[in-house]
Structure formats: C-alpha cells, structure tokens
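K.L.:
what's the 3D shape of this:
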Amino acid sequence: MITIRRIPASSDSLSSHNSIAYGVIAIPFTPNRLPTASTLILGLLSAISTSAAAASVLPRFPDAGPNGIVFVARDILWTMPPAGGLATRLAGGSGRIMLPRVSPDGRWVAYTLIHGATADVDLVPSKGGIPRRLTFTSTEGLSRGAPDNMVMGWTPDSAQVLFLSRRWSWNGWVERPFAVQVSGGEPRPLPLNRAGFLDSSPDGKRIVAARALRDFVPWKRYVGGEAQGLEVVELRNGATRRLPGCADGDTAPMWLGNRIYVLSDRDHLHRSNIWSIDFSTGSAREVTHFTDGDVSFPARGAGGITFEQGGRLWRMSPESGPPVPVPVVLPDDGSEPGPHIVDGSHFIRTVQDGQYPSVEPHADFSLSPTGKMVAVSARGRIVTWPLGGANGSAQDLTGTVAADEDHPEFSPDGTFIAYTTDRDGEWQLAVRSASGGAEQRLTHFHNGYLYQPIWSPNGRFLAVPDANHHLWLVQRDNGTVSQVGNDLDQEIRDLAFSPDGRWLVFGSFDAQGLGSLHLVDVKRGRQVAPLTGLDDARMPNFAADGRLVFASRREGVELRSTSDGDLATAAPDGIYAARLGDQGAVRDVERLPALAAQIAELKVSGSEVMYSTLPPQTLEGGMPGERAQLHALGLQTGRDRILPIAAGPFVLSSDGQVLLSRVGRDWKRIGLGETIPVASTVQLPSVALKVDPRTEWQEMFEETWRLTRDQFADPTLNGVDWQAVHDRYAALLPKLGSRDDLNALLTGMLGEVGASHFRVVGGDEGPPPAPVREAAGLGADLVADPLTGRYRFARIYRGDLRPDDRAPLGLETGVIEGDTLLAVDGKELHTSDGLDEVLAKTTGPALELTVSRGSTGLRHDVAVLPTDDEGGLRQADWIATRRALTHKLSEGLVGYIYLTDMGEAGAEQFARQFQSALTKSGLVIDVRFNRGGYLSPMLIEDLMRHRYGDFVNREGGREGRPVQVVAGPKAVLVNGYSVSDAENFAQMFKQTKLGALVGTRTMGGVLGVAGAWHLLDGGMVAIPFSQLMDDRDHRMIEGRGVIPDIVVDDLGPRVDADQDPQLSTAISNILHKLARRAEEGLRRRSAASTRTR
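P.N.:
Residues are numbered from 1 along each chain as shown. Got it, this is the predicted structure:
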C-alpha cells in the first residue's frame, strides 16, 4: 500500500502550478482533482529514475528567471523548468562558465566565460541560440579564485548587464563595477572605486554592494580587515552610506522590495545563511537555518532566491516559506566525464615538493645504476623510460589509478625501485621489481608525508625523511622502522649512506638557518653525537674512499653598499672533505679546490664531485648576465671543469658514468666517462595512461585532506573537527562533474580551517581551448562624447622611465587628453561601436590611430604600439598622483614612498624612492594594496636609523652619521588589502613607535607559506605551515589584522577624483608633529638664551 501525502502549494508558490512532492520529483496536479493511478505510477517511476540521476549532479551558480532556472554543471550552462527536472544545454563546451544571471524580462542569460587565460561577459538567449561576447578585455588568470569580468546581475529594465572588472585596476585583488548594454558597446563605470558582489535596487537608482570581493577565498569565519560590510550607492552622484543592519562579513546582497537579503555567517555557528535586512529600519533576521554546510552563491530572480547548499539546488520565496530543494536531471549527452587516455610524459614530476624556501630543490626522478633507464612519477604512477638508445619502451610499473605514487629510487643493483604510495590511505614506503610485479609495502605509518628514499649500498636499508621533520631508517627485509633523526626547525632533505653502509649522515638547520651534520649508526639504528667543527655544513655525501664531502659557508666576503655604507656578508659555499674515525669523530678536514660560489646541489659520483652553482643573487634572482653552472670536481686531480649543460635538478647513475638533468622542459644527458662530455637532449616518448577522472578526484581530495591534517601550522586545525569536515565534503564527491568542481570542493573544505594563505589552483582541465585575441590596450581612459558620437581621450597614462611601463601614447605621439579618436587602422569609429571590440579585431602588432585636437581639429594619423597589460601604467599614474598630492599638501616638506609588495618590486621601489625622500622633513610610506613578501625587517631597520651626529667641514658642509636618515616624523598608510608581510611591517612600525598608522584595518593574514603541493594531475594546494607568535606564544595579527592609530575610510568616487583622504590625514599628522617640534625647538632656544643673559 502506497500512502500519498498531499502538499498544497501556498499562494507564493515558486512554480506556476500546484504539485505533490515525492522525494525530489514533483507530479503536477490540479486543486480538487487528484492524479489518476496511472499518472501516479508513472510519476513514481520517474521519481525513482530522476532521483538516481540527480544524485550525480552538482548544480552551481543557480539563478531563476520568469521561464525557468539556469545553473552550471560539468562546466556547461543549463536551463530547466521552474519546478526542476530535465535540464537542457544552453551554452558551453569550450572553457568554463560561471555566474549566469537571467535578465528580469527572461529573454537573456549573461554569464562569465573563462576561455584559456581570458574571462569575459557573454550573452545567450534564454531559449537557446548562439552566444555573443559583450566584453573584450580581460586580465589573465584568476585572482584569489575570482575571474575578471564577473557577471553580477542586470538593471531592472533588462537593458544592461552589471559586472565586476579589473579593466581599470592595477591590483588584481580589486574589481570595479561596470555596466554594458545588451546591444554591445563600451562598458561604463559605476561610481564606486571597488566592490564585491552587488545588486540593483528595484527602481534602478541605487546599487547595494559588498565592499570587498572574498567569495572565492578559502577562509570561513573571517573577521579581518577585508570584512567591510555592505554599501548603498546612489548612482546619480556616487553618494555612499553603509547599509544599516549589515554585519562586516555580509556579502551577496539581493534587493527584493524594501528588504535586502544577504549571505551572512553572523549566527552562533558561523554558518553562511541567508539573512533579511529591512532597508528602512536596519532590522535583521535569519531566513535560512542550515547547520550542515554553507549557502553558496545565492541569486535573486523571478520574485525569489535560488542558491546552492550541500550539493543541492534550492529555491525559496523568502517572505512566505522555507527553501525547498529543486530536482536536477542532466541528459546523457556525453558531457559526463569518463575514463580516457592521457600522455603520461606531460605529467612528469621533476622537483620534490616541500614547505621550506631555504631547502634547495631536489630532483624527483632516479637513474638506474648504468644510466640506461630513468624512473619518474607520471600522473601518480611510477613509470620507467629507456634512455640513450637503450632497448625497450616506457613501462607503467604500478598501473594505479586510485593512488599517488612518487619519489622513485633505483636500488644499488638496479633490480628494485623504492617509492612512496598512498594506496592504503596514508603515505607509505614500498618496493617493487624494476621489471614489474607485486608491490611490497614496507611501512605502516598512520600519518605524515614521505620524501625521496635512499638505499644503503648493500640494499639492506632505506632511509626516508618526512615532512614532519623526521628521518626514518627502514629494514628492507622485514620493514622494521626506527626514527633516527629529527629537526625542530626544518625538514630533513640532505642524507647519504657511507660506502660500507655503516653510517647514515643527514643535515639539519637551526633557527638561524645554520646547517649542521648528524651521524647515525645504521647497525644500532640510533644517532651518535652531531659532527662538530664543520661550521654551517650542508649537503653531505660520501666519496668512494669513505671521506665525508659537504658544502660549508666558512668564509665570508663583506660587501659595502654604495649608497648608505651598510655592510652585507656574502657567504659563498666551499666544498670540504673530512675523514671519520671509528666512532664517527671528525678529523682531517680539508677544503677542496672548488669554485667559491652559492651551491644549489652537490652529489658525489665515482671520483668526482658534481655540484651546481648559482650566480650572485639579487632579490629578483640571479645577477643579470650571469648564469647557473654545473661543475665536475676531481677528488684526486683537483681539476674543476664546467659541464656543457645549464644547471638544474640532476641525478647520477651509481656507476658514475651518466648524469641526467631536467632543464626547463628538456631532459639533458651527459656521459661523464667521455673525454669531452657532451650534453644530448633526450626525448621521452609518449606513454598512454588510462585515467578515470572520478577516481582521481577522490584521490586528490583525500590527499589534500591529509596534507592539511599533517602540515597545517596549528596541529589542532584551529579546533576544527577535521574528520567531520572530511566526511561532510567527501559525501559531495559523487556529484562532481568537472575538475573545476573539485577545486571548488577543496576550497570549501580548506576554508573550514578558518585561516589565511590556503590556495587551490590548476589541475588537468583537458586540452587548452583555442586562443582568444584580447583587446590591444592604449594606456588611456576614453569616454563617449554624446555631442559628437565619438570617443574622447579623458586620461592618458604616460608611465615612467622603466621599460616595463612603456606607454603606448607617450609624449612623442603628440596625443593629449581631450583629443578625439576618429578611426582605428583606417576604420571610422563611433560610440555605437564598442572600442574594446574594435581593438580586439585588429590583427597587427601596431595600430594606426586617427585623432583630432578636440572635436573639430585637423585629422592626423598616429602609429601606436599597444600593450597587453595596462596595470603597470595605471599604477605608475596612481603613485605619481599621490606623490604630487603629497608635495602640494605639505608644500614640499613630506616625501612619499609606495610599495607594491614586500618582495622584488617593493625592494626596487623602496631603493628608488627612498633617495628622493632623504631631503624631506617627514615621510609617508604607503603599503595599501601591498601583497606582502619578506622585506619588512630590513625596511624597519632602515626607518629606525637615528642620526647621532654630523661631520662638518670648514665650509659648513655636513655629512651625517649614519648617512641616509629621514629623521623627521613618519606615517604608514594601510587598508584591508595590506596583506601578509605588509601587515608585519605595519605592526613593527607601530610597536617601534616610528609614527602613526593611518587607514583601515589590515587583512589579518600572516601565516607562513612558501611552496605548494602538487597533486597527481598537476593541480596545486598551498597549506600554511607556520604562524606568527609574540613572546608569550600568542598568535599575532592572523584573523584580526593591524588596527590603525587613525582610522580613515577609503571608499567612494572622491578617491578616484585625485583625492585621497587617508593620505591627506597622514600628511596633516606629520605637519602637526613638525609644527610641534618647531615650537619645542623655539622654546628650548628661548630658554637657553634666557640662561645665558
């Protein structure tokens, strides 16, 4: 007997008819008339089959229109009836689709199409048709998971698409709102200098916008400086005000009637749910009450709200009832990802992963003892390739699909290969015959990531380090495991067995980065005392005669700065050899005649020491004109020769005859036994590997979860129940329809930790799409002139003297602001034409512009070489404008320095700008929109310099001690986009009382991260491994940010109009301190004068 429960639809039903609900399927019925038995049976059968199909769908970015619901699945745009059911493909097949939005009249669907390295706004009729591109300029790649040109919604009249774009931004984290006509043409900016998700008011006169874009960042429960609440903007004049009743972390506003619905995590569980805010009173209430996961990407449309949650699509009429799940069924049209073949040679791992930047890259491949075969990890399998004309073909030794196998190492006799595998759910050490066969698993660890193992010369032992700073000794015959080493500060990556197999030596580093070597008695399975007297020793190896060979920075060279006289120690490496006594004591240390240089890698092969050197290092890498080199040093002859190959990660055959290196994309082989070694390029032939995307996605999900468990800076994972997180997200794996879905799932899972610097990028997304030509940038803002119907040059960005900031419209072109653009490459141009579209359709590297002075001047042609990136030009203009404003407001008394980051660019900017600031009485350092790095301690040291006196000559000339000191008052500008090391800089500036901190609270993301972990298909996850603590071991800055001494907002159109309230406040603060100093000096001189009378 089947019991049917009738669920009458309420007056605000989201569908146009009433229904009876069975699970996830709806069977239509008419009030007062129940369906017939045959209808019920057919409906129930349909419900069963539909439920099975719906279970494998992950509907993302849903929105509803008058005629149905649109969503994205399998990177394809679909549409289905308002009550759900079978979906129809609307667009897709090339690239990725995000954020579809249905026009209010239901005619159109606008969406963002990511096509290769570009992302633009596309438009398609809601009933199907040929998509049409609306924007033609895009910055490359994703910025914190967000693409350029993100569709946000529509104007109420369905005439314009609202979107966020980086087209006028020089900072990839900042997007501005624009509107573009459905008919095309040039987008127009909305009066807000930055925004996150936004929506239009019902009358189209206002927008409500999140003040920052964080919706793709893996960081939940965020309360730092980028949590800035919601802003209401009057479109006619740009006036802004904070939305009453909003919380700082609110996002995704949706304007329905007099209420604004937002995505908020303000409840006690900090789950993102939909809240309703009364626009008039600011009163707020929670509308949805999910506790098992966050609501994601809600959208307003057709009088209700559509959203995704828990892997399902939901729809609600907010004022009349709770949300209901909408059934989704995709047709079997071949878009479902399935098993296929890839070329494994495209997925070879070359360098081992790791967290610590001070650990030099280690090769992730192995040569057989005679150098005739190489073993690699390719797409998570161990694969061997013959080299140098050897017979045979590539062989997939392990053939696994559901595991990640890595770090292969041939045994000394070449009969076995050791490697790491996570086949059983944790990383283990395993051994397999080099010709194939069954796997022998040697370890049974419960956690930890394993690095490259090494064999003892007799093949009886293996040593393997892990990412938790341990070193393990494993017996080959019975799998007995002993911990023989531990390094509190860094990973153990350098290790070697002595030729007789008695000793195992490994290197470690202390908190100051100084290296030391340690000796392990292999037979006893324990460590003896550290090797003493070796002075910052690293990269230990053993020669065939038993001598210990290592690199050491015993000798330093003092370098003197030509600008400020500071000293820096350049410590080149030397190569040393030492003999060990019977008990492991060091004796007879000698320096080998190797070149003194920075050594990146050192290995001993037969009678030679192979080592790679780096050129003198600058912050931007090697010294220009210098290059890395690979050397061979004879242990007996002392002859040092440079090998004919660029330095890169390399391995040696155990017979000492062959060296193999990966240089860029090329494999290079050298026969070391040849009289004159010659480097030959080795082509690894294709190898067909069968992959099953769903199996791989499961593996990469598990690997990311384990990496986070084992590598995150806080072992408690900020108090999160990590197993419960795993189970909740793992339940969604069967629903994934694309590699991008997996990245979204990983992003959500990592976000549960609630911490900075997590990142998920890349992955195998299939063959690259055909390239899309981008618009040629003119380095100018052009506006439509309604009187002439032409485009006018409103602002021209001239750049500066650096080659990277070359301006297409330099002064030599004669084009000035106010000129009119009449034609491009001879084709007349009017405002009815989209300028970006016209520029994108040009074919040559150079353009011919026809311009006139004003609107009536003579026509003349100008040759222009466009740019593909205007960011540098716009930043240079932004900096120059603020430097000029500083000079004007301070009457030349105050200097201005802007720093893009705390890395290479910031170092160059500081050096260049600091010189001009030395003559000033005060200084503003601007680290707004600064992306961080590592320079903060060095910069603070420069700013803390205090002049203790001057050498004065008889003519009155003065030379300060020390030189290059800005002795006057200082201020630092910060905002919510001051990130990572920029926040460390701000905190140190504040703690050392160097001056006032002005602006808004910084982002609050200072966890340490250096590298990224590669997943088996080439995707990467970054996991923060250290945290900033004060002297009481309390966490600093993370999650909160640095609070300024003087809080000044920086949002609104006035900042774009060459005004800067934060900068103005900082200058006023400095001028006030200068005036106070002058008064104090006058009082002191007056008092001294009184005493001498």
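K.L.:
next, the contact list for D510, please.
P.N.:
By Cβ atoms under 8 Å, 6 or more residues apart in numbering, D510 lies in contact with 489, 516. To be clear about C-beta, it is placed using only N, CA and C from the backbone, and glycine gets the same treatment.
K.L.:
and it, how far is that from Q490?
P.N.:
To Q490, D510 is 9 Å away according to Cβ to Cβ, to the nearest Å.
K.L.:
tally of neighbours for E848?
P.N.:
E848 has 15 neighbours, counted by other Cβ atoms under 10 Å.
K.L.:
so what touches whichever strand or helix holds it?
P.N.:
Using DSSP states H and E, E848 falls within strand 847-852. For strand 847-852, the surrounding residues in contact (Cβ under 8 Å, 6+ apart) are 776, 778, 793, 815, 819-826, 839, 858-866.
K.L.:
can I get the CA coordinates of that strand in CSV?
P.N.:
Taking Å, rounded to 0.1, in the frame of the first residue of the first chain, the C-alpha atoms of strand 847-852 are listed here in CSV:
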residue,chain,number,x,y,z
LEU,A,847,47.9,50.3,-34.7
GLU,A,848,47.3,53.4,-36.7
LEU,A,849,45.0,55.8,-34.8
THR,A,850,43.3,58.7,-36.5
VAL,A,851,42.9,61.6,-34.0
SER,A,852,42.0,65.2,-33.9
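K.L.:
please name the strands paired to the helix or strand hosting A551 in the sheet, noting orientation.
P.N.:
Element membership of A551, judged by DSSP H and E, is strand 548-552. Next to strand 548-552 in the sheet, as set by DSSP bridges, lie strand 537-542 (antiparallel), strand 574-580 (antiparallel).
K.L.:
can I get these in a markdown table with mean neighbour count?
P.N.:
Output for these, formatted as a markdown table (neighbours: other Cβ atoms under 10 Å):
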| stretch | mean neighbour count |
| --- | --- |
| strand 537-542 | 24 |
| strand 574-580 | 20 |
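K.L.:
filter the contacts of strand 847-852 to the buried ones?
P.N.:
The neighbour-count criterion (16 or more other Cβ atoms under 10 Å) marks 776, 778, 793, 815, 819-825, 839, 862, 864, 866 among those as buried.
K.L.:
and the residues you listed, which of them are in helices?
P.N.:
Of the buried ones among the contacts of strand 847-852, the ones assigned to helices by DSSP state H are L839.
K.L.:
roughly how far is the strand holding A551 from the heart of the chain?
P.N.:
Distance, stretch centre to chain centre, for strand 548-552: 37 Å (Cα atoms, centre = their mean, to the nearest Å).
K.L.:
hmm, who's touching that strand?
P.N.:
505, 507, 515, 517, 531, 534-543, 573-580, 586, 592, 599, 602, 604, 609, 611, 635.
K.L.:
how about the helices in the stretch 251-400 of the chain?
P.N.:
Secondary structure of the stretch 251-400 of the chain (DSSP state H, counting those that start in this stretch): no helices present.
K.L.:
before we move on, the earlier item: now the strand holding E848: buried residues?
P.N.:
847, 849-852.
K.L.:
can you list the domains in this structure?
P.N.:
Per automatic domain parsing, the domain ranges recorded for the chain read 55-329, 341-688, 780-867, 872-1005+1041-1080.
K.L.:
quick check, pLDDT for A1087.
P.N.:
Per-residue pLDDT puts A1087 at 73.
K.L.:
so it sits in a helix?
P.N.:
Yes: assigned with DSSP: H, G, I helix; E, B strand; the rest coil, A1087 falls within a helix.
K.L.:
let me see the contact set for it.
P.N.:
Neighbours of A1087 in contact, by Cβ under 8 Å, 6+ apart: none.
K.L.:
how long is stretch 185-194 from one end to the other?
P.N.:
Start-to-end span of stretch 185-194 (Cα to Cα, to the nearest Å) is 22 Å.
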